[in-house]
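[1] Sharing a sequence plus its predicted fold:
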Amino acid sequence: MSEQGINRRQLLASAAAVGGLSLGLSLVPTAAHAAPPADRARRAGATWENIIDKSSFDSLSAFNQEWNYLYPWDGNSDTHNGAARMHSSQVSVSQGVLTLTATRLAAPDGNSPHAPNAPLWYRSGAVHAKEQILVNDQFPEYDIEGEFRTQTGRGIWPAFWTTGTWPAWPPETDILEYVGNSTNLFNTWNKDADGGEVVEREPVEVENPDAWHKYRVWMYKDGDDVMLDYYFDGVWKATHRGVGWAGVPQRLIINLQMGSYASGEPGDSDWDQQVGPSGNTYFRARNVWVGRTRAW
């Protein structure tokens, strides 16, 4: 969900993705062909503690203990790099399920102040965890997971992700991200020595994203870096490296963004219309859980 001006839909499509190099972005090989790790055992001598319990969507009071509305930057922002303005009224919890609803408007509600400054054709919902994620010597491992179902297709851009506390970027890990189609992107964002963007990416084709699936990342400290093991429905898919991430606070976000790179590119003939679903679009979550080890 980086707002750094990257056309993620084009990058996903094919080897033509290297067109992103002109924007200062590199694609690096993933660990997809490495031997999968054994399921990570919690670090010996460390104490395990839950940060977010699976019950946080059981009621509004439980939700309010663990989550805030909107995005975590600029004192809780209602916009990012898509075509939706976020509202708390588009967020609901019932029987253990969080539902984010995006609604197409009759006319755009201005333009997003974040590049690429898409016209805001949608009202939608975003939430972020109150507790920050901080992988360091004291908290060397984090386990982040949740079950999600989402509509997909042109104009739909849901995500379950972490990002460095604003304005620090990277870190960013996309645990769930669909950008206009039914391919989930496990992404790890870094910068190279010249400040250009480098993304390590593992695409996973999903037969039916609008059924419940489990998405998970296991983070663990490795020197100054943070290693990330990605799992889909309990199956390991890739291991990435977050370079220099150790000691950098991160925020956990669930949002239903719409349009922008899920609809096309700036300059397209239909860019101003931000083509996407009419009526309502839904992104649902349950059993979202975060735990960590404490070394002292």
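    Sure thing, it's come through. Residues are numbered from 1 along each chain as shown.
[2] residues of stretch 123-135 that come out buried?
    Using 16 or more other CB atoms under 10 Å as the burial criterion, the residues of stretch 123-135 that qualify are Arg123, Ser124, Gly125, Ala126, Val127, His128, Ala129, Ile133, Val135. No exception for glycine: its C-beta is placed from N, CA and C like everyone else's.
[3] Ignore what I typed, I meant stretch 50-69.
    Going by neighbour count (16+ other CB under 10 Å), the buried part of stretch 50-69 is Ile51, Ile52, Asp53, Lys54, Ser56, Phe57, Asp58, Phe63, Glu66, Trp67, Asn68, Tyr69.
[4] now stretch 87-104
    87, 90-93, 97-104.
[5] Residues in contact with that stretch: which ones?
    Where contact means CB atoms under 8 Å, 6 or more residues apart in numbering, the residues beyond stretch 87-104 that reach it are 54-55, 57-60, 62-63, 69-70, 78, 84, 121-127, 156, 158, 254-256, 258, 276-288.
[6] Repeat the analysis, applying 7 Å as the threshold.
    The set of residues external to stretch 87-104 that reach it, using CB atoms under 7 Å, 6 or more residues apart in numbering, is 57-60, 63, 69, 78, 84, 121-125, 127, 254-256, 258, 277-286.
[7] Cross those against strands and list the overlap.
    Cross-referencing the contacts of stretch 87-104 with the strands (criterion: DSSP state E) gives 69, 84, 122-124, 127, 254-256, 258, 280-286 as the overlap.
[8] could I get the buried residues of stretch 50-69 as JSON lines with distance to Lys237?
    Compiled in JSON lines, the buried residues of stretch 50-69 are given as follows (distance: CB to CB, whole Å):
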{"residue": "Ile51", "distance to Lys237": "23"}
{"residue": "Ile52", "distance to Lys237": "23"}
{"residue": "Asp53", "distance to Lys237": "26"}
{"residue": "Lys54", "distance to Lys237": "22"}
{"residue": "Ser56", "distance to Lys237": "26"}
{"residue": "Phe57", "distance to Lys237": "25"}
{"residue": "Asp58", "distance to Lys237": "30"}
{"residue": "Phe63", "distance to Lys237": "29"}
{"residue": "Glu66", "distance to Lys237": "27"}
{"residue": "Trp67", "distance to Lys237": "27"}
{"residue": "Asn68", "distance to Lys237": "30"}
{"residue": "Tyr69", "distance to Lys237": "31"}
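[9] And the furthest pair within the residues you listed?
    In the buried residues of stretch 50-69, two members sit farther apart than any others by CB to CB. They are Lys54 and Tyr69, at 20.3 Å.
[10] Without its sequence neighbours, what residue ends up closest to Lys79?
    Quick fix: residue 79 is Thr, not Lys. Computed as CB to CB, 6 or more residues apart in numbering, the closest residue to Thr79 that is not its neighbour in sequence is Ser112, at 4.7 Å.
[11] my read: Ile51 touches Val288, true?
    No: with contact defined as CB atoms under 7 Å, Ile51 and Val288 do not form a contacting pair (10.8 Å).
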